[in-house]
Structure formats: structure tokens, C-alpha cells
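Chemist: no FASTA, just this:
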């Protein structure tokens, strides 16, 4: 490791300065490029709006005096949208607007945690797979196996084992998402490892652990972050699908998928029960997809379209 | 003249042919019925599910005796039966010339094989008869001799949820050794329809059995499940349609002529429309079964005092429920009583608070309630949660699927109550929740004493008097369940369907469908 | 080539092994008892326990696993416990037809929708047509299939009453017209996401080919635009499209669970969900294994087609 630091300390500072400037400039270019792509900005705005909705749902509904759990009384069953209840009321006499807003909390939490956890675990698996060919073979065969089972089927089966609640939805969807991230992390890590500076460090006797985490990891971070936004989006869909099948987050939690499951029975006399949760789900998935596309173009302008 | 005669004759022939053709042509030869679920098997000795029993009892399979509308018992496959005074000896004289769907004549060998298998598979009946088994006295006489009296045995032979149907003895011999169930090819009985085809997850098809031997008066209406079966329609096709909206749409579009389990939201659409008939009947109890090992009676009585049945039931059943306290159905006059009814869901917070004050229940601890998905019962329990909140109690709902619920409720450390519905039973001794080993564990000495008195009572009247005591005791003192009322099942059909008979379920033995 | 195929098939074995172990463990770790489901709510604990033993469920897991795998290798997938006495292979087979016909129909719709719009979008790049196509593809990617389905039901079945909201008619047993009436909404909702992907891919590969040197050459030689698009560009974009069609079948199988449940179609997805509910171990295991194998085989076939069509890719 000492081999690299042979330049005098004065010029090292100057170099650092220049480098910092360069990075800042690159960042500005990146941001400008990102902003130039209109759709990415739309995505970013939707994502931010959803996150804000999730964050401030209690405040907003509190200000309007509605609540996602309390029954408004029998005469308020299945009322169409009105000024007091902009999204109408459901079969259990609850305000749908409040439920949809609170639904954002569930979707965002599930999406975020699944994205984060699967990125962490997937990246670790991918990285360590590059260390040892035997380990690589074992890990990748397990990943292949898991990937061969369609996500939703694997997730339903996992939910049956674990029991239906939010924590278990997050665990199942994370398990389902790990193989994809691991694949990406592994292939990226293999590319990085072939590069000369890593070879040189290995020759210089740097520890395997250090090379992996200090040098390879930062270089595979960007594709993994991009993958994370896509995982976020898929997790929202998967959670909704699971809840729609009755294997997700149980009621009374206002999960969008669960609301749609209920809505299905009332499709002839309560269109609003279907429309609003569906719009919110679609919007947030759209937001994360657009945002992810923008990020990917930023990191690797050649990929994608 | 000759020619004229020939002309007249041929005209008459033609006319009569026309008349014949139109008589044949007035009705369709198939009725399409939308059912809401299929059975795991259609072996009535083992499968206890309502759908299976409703479809096949009296249709494909028949019993020695069956239920009349009054709750009385009528002979079906037997001409008559003799029971001695203290109900320890039962003798059945079988009808002759009754044929199974495979062409074989029914004899006492078939009845003995079937009923002894029924006993092997039905623990409640087995406990009642002890080691005694049915035996053949001659080719057309079957008897059963017991040590203790069993006044309810006849009711169980007529109406138990594990129906005591008669298979040919060969069907019993061909039971699958791995599972103990009768295989599909041996779904053979003596009824007016034979089991033709089961397309898994799609439909079950029943076709008329031409050699059926009817009983009763040809010109009289059916009395409950008892009476003359004509089998006017050639084919009954039971489609398996799990989703209520799909059933409803199928009725409107004409795909189905009859649909079961219509939810409350569709009834206003059909009501008043002359093209359709809608009706409903009490079919079961709505209840929260308490785990008596983890709760004390004052907690249970307090919850019973605070509960508001209307508020609870509307959420789930709309208008399809009755606030009826009886533990039996209103269609069972022999056992119907309102004893203890004043304690039924009282919606009285003050009284509930007084009761709760005597309880040793730690109010900071949530009441753990198991509920299964799919029945929409979760919504009811949310309302219940709000109701008991007035007493400072909290409830924790654990929503699981049906399999998990049936597994978890066996373990008395895992829950305090679970939600379920009970379908109707012919005699109160078959009410599961009063059994000491059934999940919920009603192992109260006083209750079990009373139960014993009822099952060993000398007469129906004595048994009924004990039954009234039992129900009153449950309401005022023990509260083994939180009884919320009875649910109705609504069914609808096109107005072109006639002749069907409604008792416990809808029976199509004499139904006709106009073209 | 032969060597390559053999090698690929050989590498499939561990994947299938992993799938079998994973699904077996998951199924047997799930709380609940098939024996209790077989006997109904009124059965006594004693009777259930006896049936449990009879079914061999008391044996250690590894013994049950090897018993199952051993039987599978002989082509025997066991018998169902939710439909007692039915052979699992018969059940899976009979439920496969609705799923397969639906998948084929939805792929047809997808191809008819996506490829022309993809080509159009590529040719009219940057114009209104392209923009509208992009919006649709964005919507397609963001709308989960069941929401698409619910939307279609709301519109076409509830509001306009054109088509039934749910139900199933078989192509062979009930005829083409009833089949189309009942299966168009499910096919659309299943295919919409995929149409979006396919449109994107078609557009991208068309653009790539249209921008390539030999097309420019052809253009400069005065070949008609129509024949450029039809003959040269499209043929070269076909590879990508084959891939997408192949993957479409996989995602149709995977998405079947939700769409079939929504439209109450008695297909493989409905069977899977119901079997989990009823703890029908053998059926869950068989379906998962089957779909996983189909998945890897379809991927293998796509790779092989690639190798055959594109001489630049060498299979060794």
C-alpha cells in the first residue's frame, strides 16, 4: 500500500484540490444532464411527492379530520366521493382518502426496506462470490434456483411459511429480490477485479477483505443503486399483488393491494374503491421507474435506450 | 271412407306427436347451478363440508331415514323402523327392489357395511354406541343393539353433517388404502341422480338415474328432505364458482339458472325484478369461540354484555342475518328455544363494566383473536375491537389462512378466542363448541353434566328441557362462545325455474326449467 | 453445438435440484396440516392424527424428500390431498390448458399491439406517434397486471357491459367466440406489461438497425423506405423480438396467479394459490418444479435460437 504515496505532500494537496474541483464539475454536468431529461424529473417529482405523502399522511388526514381505521357509522357505507370524503367511503364505512394516504406509508416502507436490504445482502453475496470459485458456484446455483421460481409464486409460498404481516412481506420480497442484485454485483465486481489497479494491489499484498470493500465495492455501487430504485418499484407491485391474493399485509392495514382485493367485491357499486388505490400504486411505480431510468442513463449513458 | 279414416288417424297421430313433443319441449334437460366451492372428496362419510352434503344428500346418496320439514324423521331406504322404549334397540326394515347406480340391488349387507364405516369415521356417533355395530338380521332387516340409550341416534342417522348414506358394500371394500376415502368411481348411491363427472375446479355433473325407486306419494309435495322424487330434469350441472360477483354475473347473463351464496349487495338489484327469484334462509351461527383455558367467565360475559349485534353483523352480512339467540336454527322447531336470550349481545356498557370489574383479566393485555381470511370476518372483528375499547380492553387480531387457524386453535396457549361460523346440525349434542375437546375447550363440569343428562335422557321432551337449561346456562354463566346471531344464505334463480324444494339447502329433485 | 447443448443441460441440473429442495422445505415448514383439511372442521384430533400418519407425514423430512424425488424421477408426482385421489399429474395437466391458451392468446395480442407500434415509433421518432407510444409503454410498465385487469373490468364489463367481468370458457370445449368473449380482458391485462416491454425493445432494435451502415448504404442506393423497414431492418430486429416473446411466456406463467384469481380462471395459477391454502403439498411442489423447469428450458431455447440466427454469437 505504501508504494503509491511517493509524491511530495504539497503537490498532493494541490492534486486533491484539482480532483475535488473536477468531481464537483462532473456532478454539475450530471445533474444538468439528469434535469435535461424531462421524464426523469417527472419521476423524481412523483417519488418526492409519494415520500412526502407517506411522511405527512397523519398530518394531512388529521387536518381534514378523517382517519383510516375508524368506521363512520352504518349510514356512511359505500358513499361515493364527496367534498367531505374526496375518495368516498368503503364497505366498512371508512374514509378511502385517509386509507389511500396511509397506504403510501406501507408501500414506501416496504419498497424502501426491500430495496435497501436486498441491495446490501445481494451486493455482499455478489462480492464474495468473486472471491472463491467453489463459493461462487454454490452461491450462483442457489441464485439460479431461486430465480427460476417466478417471484410471485416464491413470495406466496414464503408468506405461507412465515405468516401474513408487514415484516414478513418485507422478508419474503427481500429474499425474492436478492438473486437479481447478486448477479449484477457479481458481474460488475468481476469486471472491476480484472482492472489493472486491483491486480496491482493484489500483487502488493493488500488483504482480500480490504480490496473487496475499499476498492471493488465503491466501483459497483452505482449499478446497485440503480437496481435499488427498480427493486423499490417491483416491491411496490409485489406487495400489492400479495395483498391482493390475500397473502400480504392483512386488514385493517390500508395496503393498496389489500384495498383492491376488498374493492373487487364491490366493483359494481363502488368504482371509487378501485380507482384511487390503483392510481396511487401505478403513479408510484411509474415514478420509481422513471427515476431509475434517469439514474441509469446518468451512470451509464450507453445502456438503455 | 277408408281414406278418410286413414287421414283422421294419421292426423290424430300427428297431433298426439306434436303434443308429446311440446310436452317434452317445454322444459330444458339441464339446470346449471353455480356453487361456491368444491369438496375435497364427495365421500359423505368423511367429508364434513356443507357444500358436499347439500349437493349429494338425497340426490346421489340416500339414507335409511331422513329429515322432514318439522324436524321429524321419515323412513327413506327403509319401509319402517322399530325402536324399543328406552332407545337401546333399533331395527330397520329395508325397502325391496332399490337399485344402486351400478345396477345392483340394495340389501342389508350394503347397509351394514356402510353404517359401520360411518360409525368408524364419526367419533360422536361412535362414542354414543360404544362397541355395538350394525348387523344384518336377514336380507332386508338391519339392527343395532346398544348398552346405553341413544335417543339422538336416529336424528344423527337422518341429519348428521357426516351423512349416514348407503353405499354398495363394494364401494366400502374399494376404499383407497392410502387415504381411507372412497374413490371417485365408487361415488355410487341409490338416489335419483348419479354422479357422472367431476371436472376438478370446473364442475360436477349429475345425471338422472332411470332405475331410481321413488317412495312416498307421487302427487304430494316434498316434506323437508322426505318424499317422492321425480327427477324431471335430465342433468344437474354444479359449476364451481368461488367468486360471488362472477356467480351473480353468470345469473344475469343466463349462464347459470341458479346461484348460491349471493352477497347482500346484489339483492336489491334482483329484488322486484320479475325475471328472478331471490330467497334466503337461516343457515348457521356467527360466533367468537372463547378459549376457556386462557379467559375467565367474567371477561366473556362482559364482552357479551357490551357487544352490539346489529353493528357487528351489518359490516359482514348486510341485511342477511338475524339477532336470534338460539343455538339451533329457526327451521328446527323440535329444538328451538330462546332460553337465556336476554343475555344475547346487550350493548350495555355499564353492565359490561360491572362484570369486567369481577374479572381477573389483565386489561393491559390484548385479547388475542384468531381469524381466517376469506370470510370477510376481519371487518366484523374490527368493529368488535372498537366495542370492547369502551371497556378499556384491547384486542389483537391475528389474521391467518384457514389451515393455519385450524392448526393454531388446537394449542390453548396461542390465542384467547377465534372467529368461526357453525352450520346447522340436527341435534344440539352435535354442537361442537359444547364438546370439551373441541378447540375452545368447554370442559366445564356443570355444562358437561347437563350435556350428559341431555344425551341420555329418556324422552325427547326431557332432552329438550335439559337443552333449554344448557342454553340458558351458557348465556347467563359460562359464555363458551360470544354468540352474535345467525347468518342467512341468499340464493337466486331465474323465474323460469320451478319445483325446487328449499329445506336446509335447495334441492333440485323435482325442479323444472322452462325453455 | 451438440456439446454446448449438453453442457447447458448439465448446468441446469443443480438449478433444478436447488428448486426442489427450496420448495420442499418451504411447503413442509408451512403451519397447517393436509390431514385436517381432508377431513373438514368437525373431525376429531384423533382421526386427524391417524390420517397424518397414514399419509407418511410423520417421517423425518429428509426421508420424505427422497421418497418424493425418487417418485418424481419415475414420473409419479403423487396424489392430491385437496381433491382426494386425483393424480397430481392429471390435475396439473388439466389446469395447464386454460393457462396455456390464455398465454398464447395474450402473446398474440401483445405481438399485434407491440410490434407495429414499435416500428411506427422508430420510424416517426420524436413525433406525436412516438410520444403516444412512449406514454403507453410507460403506463404498461407501471401498472401491475391485476390493476390493469380491474381497470378493464370497470370499463368494459361494469360501465359499458361489453364483456363479462370474470369466468372461463374453454377454447376447445366451448368454441372460439365464447373463448374470445371471456378471455380477452384477462389476455389484455396479462399482456399489457409485456406489450410495453416488447414495444420498447422493437423500437430500440429497429433504431439500432436503421442507424447501421448497411441500411444507410441501402438508402443511398435508392432502395424504397418500405422495403428497408420491412425486409432489412425488421428481419434483423427479429432476434430481439424472439427473446421478448420467449420471456413473455415465462412472465405469462408467472403472472397467471394474480390474473387467473382476478378473472376466476381455473388455471395453473389458481391451482397454485388454492393448493397453498389447502396445504396440498404434492401439487405445490409439482407446479413450482414444472414452472421452474419451463423457465430454464425456455431460456435455453432462446439462447440456442440466438446462436442459430446470429452467426456472430458462437455457442461453445
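Modeler: Perfect, thanks for sending it. What you see is a predicted model; the values in this text were computed from it and never measured. Numbering: from 1, shown residues only, chains lettered A, B, ... in the order given.
Chemist: Which residues of the stretch 351-500 of chain B lie near chain A?
Modeler: B:373-374, B:376, B:378-379, B:382-383, B:386, B:397, B:399-401, B:404 (C-beta under 8 Å from any C-beta of the partner chain). In short, each C-beta sits where N, CA and C put it, glycine included.
Chemist: Among the residues you listed, name the buried ones.
Modeler: B:373, B:376, B:378, B:379, B:382, B:383, B:397, B:399, B:400, B:401, B:404 (16 or more other C-beta atoms under 10 Å in any protein chain shown).
Chemist: which residues sit in contact with the second one?
Modeler: In this case it means residue B:376. When contacts are counted by C-beta atoms under 8 Å, 6 or more residues apart in numbering or on different chains, residue B:376 touches A:265, B:316.
Chemist: what pLDDT does it get?
Modeler: pLDDT, residue B:376: 73.
Chemist: rewinding a little: farthest-apart pair in the buried ones among the residues of the stretch 351-500 of chain B next to chain A, please.
Modeler: Farthest pair in those (C-beta to C-beta) is B:383 and B:404. Separation: 23.1 Å.
Chemist: returning to what we had before: and the buried ones among the residues of the stretch 351-500 of chain B next to chain A, which of them are in helices?
Modeler: B:378, B:379, B:382, B:383, B:404 (DSSP state H).
Chemist: residues near the residue nearest to the first one when sequence neighbours are not counted, how many?
Modeler: Going back to what we said before, that points to residue B:378. Spatial nearest neighbour of residue B:378, chain neighbours left out: residue A:251 (4.9 Å); criterion: C-beta to C-beta, 6 or more residues apart in numbering or on different chains. Neighbour count of residue A:251, defined by other C-beta atoms under 10 Å in any protein chain shown: 23.
Chemist: Spell out the secondary structure type for residue A:251.
Modeler: When classified by DSSP: H, G, I helix; E, B strand; the rest coil, residue A:251 comes out as coil.
Chemist: Tell me which residues touch it, please.
Modeler: Counting by C-beta under 8 Å, 6+ apart, residue A:251 makes contact with A:258, A:262, B:378, B:379, B:382, B:399.
Chemist: just residue B:204 next, same as before
Modeler: So residue B:204 contacts B:35, B:38, B:42, B:55, B:195, B:197, B:198, B:237, B:238, B:240 (C-beta under 8 Å, 6+ apart).
Chemist: what's the answer for residue B:261, then?
Modeler: Residue B:261 makes contacts with B:36, B:244, B:247, B:489, B:490, B:491, as judged by C-beta under 8 Å, 6+ apart.
Chemist: Quick one: the helices in the stretch 1-150 of chain B, in order.
Modeler: Secondary structure of the stretch 1-150 of chain B (DSSP state H, counting those that start in this stretch): helices at B:2-25, B:50-56, B:108-121, B:123-129.
Chemist: Can you tell me which of those has the worst average pLDDT?
Modeler: It's helix B:2-25: among the helices of the stretch 1-150 of chain B, that one has the lowest mean pLDDT, namely a mean of 49.
Chemist: what's the average pLDDT for stretch A:286-302?
Modeler: Averaged across stretch A:286-302, pLDDT comes to 79.
Chemist: hang on, I meant stretch B:379-391
Modeler: Across stretch B:379-391, pLDDT averages out at 89.
Chemist: same check, this time on stretch C:51-64
Modeler: Across stretch C:51-64, pLDDT averages out at 88.
Chemist: is chain B contacted by that stretch?
Modeler: Yes - on the criterion C-beta under 8 Å from any C-beta, stretch C:51-64 is in touch with chain B at C:51, C:54, C:55.
Chemist: List buried residues within the residues you listed.
Modeler: Neighbour counting by 16+ other C-beta under 10 Å classes C:51, C:55 among those as buried.
Chemist: Contacting chain A as well, which ones from the residues of stretch C:51-64 next to chain B?
Modeler: Counting by C-beta under 8 Å from any C-beta, nothing from those sits close to chain A.
Chemist: Chain A: which of the residues of stretch C:51-64 next to chain B is nearest?
Modeler: Comparing the residues of stretch C:51-64 next to chain B against chain A with C-beta to the nearest C-beta places residue C:55 closest, at 18.9 Å.
Chemist: Hmm, the closest one is touching residue C:84, no?
Modeler: No - Residue C:55 is not in contact with residue C:84 according to C-beta atoms under 8 Å; the separation is 10.9 Å.
Chemist: intersection of neighbour lists for the two?
Modeler: Taking C-beta under 8 Å, 6+ apart as the criterion, residue C:55 and residue C:84 both touch residue B:179.
Chemist: how deep is residue 162 tucked in, by neighbour count?
Modeler: Answering for chain A, as no chain was given. For residue A:162, the tally of surrounding residues (other C-beta under 10 Å) stands at 18.
Chemist: Hmm, no, I was thinking of chain C.
Modeler: Look at residue C:162: counted by other C-beta under 10 Å, it has 11 neighbours.
Chemist: how about the residues of the stretch 101-250 of chain C that lie near chain A?
Modeler: Contact residues (C-beta under 8 Å from any C-beta) of the stretch 101-250 of chain C with chain A: C:138-139, C:141-144, C:146-147, C:150-151, C:153-154, C:158, C:165, C:200, C:204, C:250.
Chemist: mind listing which of those residues are in helices?
Modeler: Cross-referencing these against helices under DSSP H gives C:138, C:139, C:141, C:142, C:146, C:147, C:150, C:151, C:200, C:204, C:250.
Chemist: Those: which two are farthest apart?
Modeler: C:150 and C:204 (30.4 Å).
Chemist: Sticking with residue 172, tell me its helix or strand.
Modeler: Picking chain A for this. Assigned by DSSP states H and E, residue A:172 belongs to helix A:166-194.
Chemist: hm, I was asking about chain C
Modeler: Here residue C:172 sits within helix C:171-174, counting by DSSP H and E.
Chemist: Would you pull up the residue in the stretch 101-250 of chain C closest to chain A?
Modeler: Using C-beta to the nearest C-beta, the closest approach of the stretch 101-250 of chain C to chain A is made by residue C:142 at 3.7 Å.
Chemist: confidence score at that residue?
Modeler: In this prediction, residue C:142 carries a pLDDT score of 81.
Chemist: Count the neighbours of it for me.
Modeler: Neighbours of residue C:142 (other C-beta under 10 Å): 24.
Chemist: Cross-check the contact I'm expecting between it and residue A:289.
Modeler: Yes - counting by C-beta under 8 Å, residue A:289 is a contact partner of residue C:142 at 5.9 Å.
Chemist: still on that earlier bit, contacting chain B as well, which ones from the residues of the stretch 101-250 of chain C next to chain A?
Modeler: Among these, chain B is touched by residue C:165 when using C-beta under 8 Å from any C-beta.
Chemist: how deep is the closest residue to residue C:152 other than its chain neighbours tucked in, by neighbour count?
Modeler: Distances taken as C-beta to C-beta, 6+ apart put residue C:185 closest to residue C:152, at 4.9 Å, once the chain neighbours are dropped. For residue C:185, the tally of surrounding residues (other C-beta under 10 Å) stands at 25.
Chemist: Before I go, just wanted to say thanks for your time.
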